[in-house]
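1. take this sequence and fold it.
(4 chains)
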2 protein chains.
Amino acid sequence: MMNMEWYRIFLHTAKLGNLTKAAHELHITQPSVSYAIKQLEAELGVKLFDRMSKGVALTTEGSALLEYVEKSFSFIDAGENKIRSLRELTAGELRIGANGPVIKHLLLPVLDQFHAEHPDVRIRLTQGKTSDIRNRLKEGRIDLGLVHLPLLDDDLNVDHLLAIQDCFVVGQAYRSLTKQSISTEDMIKIPLLLLSQESSTRAFVEQWLSSQGLHSEVDIELSSLDMLTEFAQRGYGAAFVTHSFVQDLLEQGKLFALQTREPIPTRSVGIATRRVGSLTLIANRFKEMLTADLNTNL
Amino acid sequence: MMNMEWYRIFLHTAKLGNLTKAAHELHITQPSVSYAIKQLEAELGVKLFDRMSKGVALTTEGSALLEYVEKSFSFIDAGENKIRSLRELTAGELRIGANGPVIKHLLLPVLDQFHAEHPDVRIRLTQGKTSDIRNRLKEGRIDLGLVHLPLLDDDLNVDHLLAIQDCFVVGQAYRSLTKQSISTEDMIKIPLLLLSQESSTRAFVEQWLSSQGLHSEVDIELSSLDMLTEFAQRGYGAAFVTHSFVQDLLEQGKLFALQTREPIPTRSVGIATRRVGSLTLIANRFKEMLTADLNTNL
DNA sequence: TAATGATATAGATCCTCTCTATGGAAGTCT
DNA sequence: AGACTTCCATAGAGAGGATCTATATCATTA
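-> Numbers count the residues shown, from 1 in each chain, chains lettered A, B, ... in the order given. Okay, here's the model as predicted:
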């Protein structure tokens, strides 16, 4: 049976025209090269080299073979280089999905760091709701998703990343209500500003309310955090938002958090990946970076 | 060190997605495949397959590698096919050189036979004088030349192919001279029709004459056998030609051979090849055919 | 003719691949 | 749930081929 190693030896020998030099280059001895060439010639049934007084010279048939063998090995070389690049994270891509606020407040700083360290990695970022991200993950269109927990899916693996605390915020108009704690019943008398129906945040707040036997009439339903805070600032009502995502506005005195008597449970943001198969080296690295970063920023 | 055989095993495994099946296809056992994949992964420093419950699946990195490995092996396959074709004489080319009369009267019949047996071999035929053929051979532009002997050249190997007998022929006008033998001295009183200066045939006839202390004034100097016989037929004089090449015209009574009292020595046509290096399989085959053919046609 | 620089060959050795046997994990079918 | 099947991993033994050392051989060159 044909042995691919013989081709490697053939290639070096053909290029150098000298068994002894080829042996040197391959870190083997001259008889080994002689043996390999002989095997190859026997197996192919064709003489590949003319043995000259000072070295060897390709026969016509040998030359014909060389063309192919050269190309073959150049592809192997290219493949090994590609693998090296992937291993050293100087090639490949990172495909992530997350929702808007998470991208802006959690992902972006880490992404900056990642991009600085691995500028050759192409970053493909998709914005979407947790449910979108789940689908994209399962379809293999992204490698890694940042999602709100709980996310139950047999195909996905979800690691807790960090806990977030939600709260209701209001603008100057309702500032008086923030002086002391407020019951949930009283609170929902204020017009509520919530994210649109399908979001997991909306599901969360509605579940919290219903656990207290309450139900809210939503007054204003928006699809982005920025708009929610904008409306809240202008006094349209109380917006349900993640505390740390509006930190700046709270500090600037543009928004004020209500102190709900009934505490709002914390919830988690997690990293979701496919359960089957393994992460790309890149995604792995990024995941490490995410967890490391958020642990130092505690 | 990287072993090319591992790539072969990788390729089969990747395509089948199943170590056991790959082992079957490669006529080895499943643990061998398992081992090879493991070695390759270790050497590349990258996991190539995810081990699933029912088989294996390429990782992203494995897929990247596969692209290259596929191409690499397809070139090896192509190379092996090419060699097979060359071995079976269903590819490649035959490059021959010979002078006009030899092509017409010696080469053509054998070439017909060769072409019938090996229609896929491209035939490159160059017409030229013996000296041209020698140069082309030495430059590697042809593989095989049919030349007049003697041809002395350290770089070339010349095998005797067949002996030819030259003669002087005349047309109807001089027919009377062919009734009985004629002395060389008398003969050169007839106008002589010879090939042009540089041809080896011309050199041969002049050497024959001068060996008898004679010298000829050439009357008509032409560069092709056909023209020589044409002029001879029309009674312009005696043409020096190879007997077997004008056999037909002699039989048809269009030409008549002089019986020279001093016999014209036979000379030889030979096959010339480069001394260094080896013949292509094709040229070898053709050479065999030439010698075989001319031995049966004795 | 000796020296040089090649390749070829012989025989011993060692390494690596392959094998057999077995274990273990994940799914599948009663 | 338990038996079965399918597939991969591991361990250890064994064989065979690639490699090594030593030497022969051949052609060229000084």
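2. please count neighbours and contacts with C-alpha atoms only from this point.
-> Will do.
3. where does A:Met227 land in three-state SS?
-> A:Met227 falls in the helix class when you classify it by DSSP: H, G, I helix; E, B strand; the rest coil.
4. quick check: residues of the stretch 1-150 of chain A near chain B?
-> Proximity of the stretch 1-150 of chain A to chain B, by C-alpha under 8 Å from any C-alpha of the partner chain, involves residues A:3-5, A:44-46, A:50-52, A:57, A:59-61, A:64-65, A:67-69, A:71-76, A:78-80, A:82-84, A:86-87.
5. can you list which of those are found in helices?
-> The members of those that map onto helices under DSSP state H are A:4-5, A:44, A:60-61, A:64-65, A:67-69, A:71-76, A:78-80, A:82-84, A:86-87.
6. residue ranges with poor pLDDT in the stretch 51-200 of chain A?
-> Within the stretch 51-200 of chain A, no stretch falls below the threshold (pLDDT under 70).
7. can you tell me which residues contact A:Ser72?
-> Contact partners of A:Ser72, counting by C-alpha atoms under 8 Å, 6 or more residues apart in numbering or on different chains, are B:71-76.
8. before we move on, what about A:Lys82?
-> A:Lys82 neighbours (C-alpha under 8 Å, 6+ apart): A:91, B:64-65.
9. which of the residues you listed has the most neighbours?
-> B:Leu65 (24 neighbours; other C-alpha atoms under 10 Å in any protein chain shown).
10. looking at the stretch 151-298 of chain A, which residue is nearest chain B?
-> A:Gly277 (5.4 Å; C-alpha to the nearest C-alpha).
11. tally of neighbours for that residue?
-> A:Gly277, neighbours per other C-alpha under 10 Å, totals 16.
12. what of A:Cys167?
-> Around A:Cys167 there are 23 other residues, counting by other C-alpha under 10 Å.
13. gap between A:Ser131 and A:Leu162?
-> Distance of A:Ser131 to A:Leu162, computed by C-alpha to C-alpha, to the nearest Å: 19 Å.
14. likewise for A:His115?
-> Where A:Leu162 is concerned, A:His115 sits at a distance of 22 Å (C-alpha to C-alpha).
15. now do A:Glu185
-> With distances taken as C-alpha to C-alpha, A:Glu185 is found 30 Å from A:Leu162.
16. report the buried members of the ones in helices among the residues of the stretch 1-150 of chain A next to chain B.
-> Applying 16 or more other C-alpha atoms under 10 Å in any protein chain shown to those, the neighbour count classes A:4, A:44, A:60-61, A:64-65, A:68-69, A:71-73, A:75-76, A:79-80, A:82-84, A:86-87 as buried.
17. now do the strands in the stretch 151-298 of chain A.
-> With strands called from DSSP state E, counting those that start in this stretch, the stretch 151-298 of chain A shows them at A:156-164, A:166-170, A:192-195, A:218-222, A:238-242, A:256-257, A:267-274.
18. save those strands as JSON lines, and put in distance to DNA strand D too.
-> Output for the strands of the stretch 151-298 of chain A, formatted as JSON lines (distance: least, C-alpha to the nearest atom of the strand, whole Å):
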{"stretch": "strand A:156-164", "distance to DNA strand D": "21"}
{"stretch": "strand A:166-170", "distance to DNA strand D": "40"}
{"stretch": "strand A:192-195", "distance to DNA strand D": "42"}
{"stretch": "strand A:218-222", "distance to DNA strand D": "46"}
{"stretch": "strand A:238-242", "distance to DNA strand D": "42"}
{"stretch": "strand A:256-257", "distance to DNA strand D": "50"}
{"stretch": "strand A:267-274", "distance to DNA strand D": "19"}
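19. ok, which of the ones you listed comes nearest B:His12?
-> strand A:267-274 (26.0 Å; C-alpha to C-alpha).
20. tell me which residues of that closest one are tucked away?
-> Buried residues in strand A:267-274 (16+ other C-alpha under 10 Å): A:267-274.
21. quickly note the distance from whichever residue of the stretch 51-200 of chain A sits closest to DNA strand D to A:Ile264.
-> Closest residue of the stretch 51-200 of chain A to DNA strand D, C-alpha to the nearest atom of the strand: A:Ser53 (4.7 Å). According to C-alpha to C-alpha, A:Ser53 and A:Ile264 sit 90 Å apart.
22. name the residue in the two with the higher neighbour count.
-> Each of A:Ser53 and A:Ile264 has its neighbours counted (other C-alpha under 10 Å); A:Ile264 has more, 15 against 7.
23. please tell me how far the more buried one sits from A:Gln197.
-> According to C-alpha to C-alpha, A:Ile264 stands 20 Å off from A:Gln197.
24. residue numbers of chain A in contact with DNA strand C?
-> Contacts of chain A with DNA strand C, taken as C-alpha under 7 Å from any atom of the strand, map to A:17-21, A:30-31, A:34-35, A:51-56.
25. please repeat the previous calculation with a cut-off of 10 Å.
-> Taking C-alpha under 10 Å from any atom of the strand as the contact definition, chain A meets DNA strand C at A:3, A:13-14, A:16-23, A:29-38, A:47, A:49-57, A:275-276.
26. which of the residues you listed are buried?
-> Among the residues of chain A next to DNA strand C, those buried by neighbour count (16+ other C-alpha under 10 Å) are A:13-14, A:16-23, A:30, A:33-34, A:36-38, A:47, A:49-51, A:56-57.
27. show me these that map onto helices.
-> A:13-14, A:16, A:19-23, A:30, A:33-34, A:36-38.
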